[in-house]
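Undergrad: Below are the sequence and a predicted model; questions follow.
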Amino acid sequence: MKWFNLEDNINLLSIIGAIAIIILTVFVVGLYMKQMKEKRPDSELSGDEWDGIGEYLNPLPLGWAVTFFALIVWAIWYFLIGYPLNSYSQIGEYNEETSIANDKFKAKFANADEKTLHAMGEGIFLVQCSACHGILGNGMDGKAMDLTMWGNEEGIVHSLIKGSKGLNYPLGEMPAGLVSEADAKAVAAYVAKEISPIKSTSASPDIIAQGKSIFDATCTACHGVDGKGMEGSSPDLSKYGSSEFVIDVLQRGKKGIIGNMPQFTDGRLNEVQKKAVGEYVLSLSK
């Protein structure tokens, strides 16, 4: 490692700045140490006194003013000329390399099949999600959402009875106990068959019709008549049971019992990886 690599702008400016600070410090300290030793009987005192020691009424030291102004000029020069934002930096190089790697990754897996996405999603899940949801995705005895029931009718019934907590939506959380267990199963059948991409249920047509009536009376206030969440005000049930619904949760984050699930919008996962996690989570309930 070259400590005095003057070809690097950062090293060069750091060395110049350090030398300037040392010179200014020695000059200013020496100047005022000298003045402290000089007796000035005719100088005006401020009126403040401590243990018989008075304080001179001095104007702002010229050295301080010049140094302060010089530092402002230095800062402006540093950012605009000395080391502008488009100059080389290790952080910039890292970001550029990361962007290139992400683009290659997206191109390689843009049309990945279900098996590939499942394998990718499993690896990401074990690293990013299993700490709270468990290796099997079962939520570790209610400490987090049990994903083994997620994406099917059982998950809808659970949310209707237990409520859905920690949602980062404008309309907030869904409270528990809005409907009875029987009505919850009817609503789940209706949502699964008529609104969600699942498009199937073992319930009879009469149960589905009952579920629609309950949904219209209880759920449309937040989810809308079509169940699409009224433009982001609440969860879009037309995506429930698909990887898109999982992606939406990853984007928004969620507050849980053992902590908050972060919003995965900080670049740690790209769009392909989020879709892979969604596909894997869906497989847990099959």
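TA: Yes, it's here.
Undergrad: hey, which helix is longest across the chain?
TA: Ranked by residue count under DSSP state H, the longest helix found in the chain is helix 9-36.
Undergrad: tell me the mean pLDDT for that one?
TA: Helix 9-36 shows a mean pLDDT of 81.
Undergrad: Equivalent analysis for stretch 183-192, please.
TA: In this model, stretch 183-192 carries a mean pLDDT of 94.
Undergrad: chain center to that stretch, what's the gap?
TA: Its chain's C-alpha centre and that of stretch 183-192 lie 34 Å apart, by Cα atoms, centre = their mean, to the nearest Å.
Undergrad: what's next to that stretch, contact-wise?
TA: Contacts to stretch 183-192, defined as Cβ atoms under 8 Å, 6 or more residues apart in numbering, come from residues 152-154, 156-157, 160-161, 179, 198-203, 207-212, 214-215, 218-219, 227, 237, 240-241. Heads up, the C-betas are built off the backbone N, CA and C, glycines and all.
Undergrad: The same query, at a cut-off of 6 Å, please.
TA: 153, 156-157, 160-161, 198, 201, 203, 207-208, 210-212, 214-215, 237 (Cβ atoms under 6 Å, 6 or more residues apart in numbering).
Undergrad: Can you give me the neighbour number for residue 101?
TA: Burial of residue 101 is recorded as 10 neighbouring residues (other Cβ atoms under 10 Å).
Undergrad: Now name the helix or strand holding it.
TA: helix 90-108 (DSSP states H and E).
Undergrad: Now the element after that helix, going C-ward?
TA: Where DSSP H and E defines the elements, the next helix or strand beyond helix 90-108 is helix 114-128.
Undergrad: Which strands or helices does the helix or strand of the chain with the lowest mean pLDDT pack on?
TA: Counting by mean pLDDT, DSSP states H and E, the weakest-scoring helix or strand in the chain turns out to be strand 53-56, with a mean of 74. Using 3 or more Cβ pairs under 6 Å, 6 or more residues apart in numbering; DSSP states H and E as the contact criterion, the secondary-structure elements in contact with strand 53-56 are strand 45-50.
Undergrad: other SSEs contacting the strand it packs on?
TA: strand 53-56.
Undergrad: Name the residues that touch the strand it packs on?
TA: Taking contacts as Cβ under 6 Å, 6+ apart, the residues outside strand 53-56 that touch it are 43, 45-46, 48.
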